[in-house]
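Novice: here is my input; please provide its structure:
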Amino acid sequence: MAITDKTGAEIAIENNAQGKAFEIRLVAEDTIAGKAHYLEADGERIFYHTVVDEAFGGRGLGTALVNESLQASLRDNVTVVPVCPMFKSFLDKNGDAYAAEGGSTREATQADIDAVRRA
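Specialist: Alright, predicted model coming up:
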């Protein structure tokens with residue numbers, strides 16, 4: 001089943017493990033419209049920066065990117081640490097549902113923030 005944005009355009013979201021980012025791509029244009037950057041260590045994925053190109057604003061791409069990144073983290077059995085405000089906000093609203101699916105999260109610590117700064 002194809003994933004679409006609010007305009008009905010088909011999108012694809014994939015983990016670029018080498019680039020340490022989930023990428024959202026507009027299929028028809030073959031254009032990367034945004035990324036959710038992360039660090040990964042010890043069974044945890046620290047999401048620290050999410051960006052969607054302003055040219056594609058208002059299409060729900062950021063929400064789709066966060067949601068699919070969380071679903072992939074659930075499938076990969078890693079704990080999500082939301083340093084990124086977009087991830088934190090999404091989990092503040094939807095964290096109970098994510099946990100009910102088996103998703104694991106924890107609050108960011110100063111050590112996590114320091115790791116992001118070193119990256």
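Novice: mind listing what's buried along the helix or strand containing Arg117?
Specialist: In this structure, Arg117 sits in helix 110-118 according to DSSP states H and E. Within helix 110-118, the residues that qualify as buried are Asp112, Ala115, Val116, counting by 16 or more other CB atoms under 10 Å. Every residue, glycine included, has its C-beta placed from N, CA and C.
Novice: the last one and His37, how far apart?
Specialist: When distances are taken as CB to CB, to the nearest Å, Val116 and His37 turn out to be 9 Å apart.
Novice: mutual contacts of these two, please.
Specialist: By CB atoms under 8 Å, 6 or more residues apart in numbering, Val116 and His37 have these common neighbours: Tyr48.
Novice: which one of the buried residues of helix 110-118 sits closest to Cys84?
Specialist: Cys84 lies nearest to Val116 out of the buried residues of helix 110-118, by CB to CB, at 9.3 Å.
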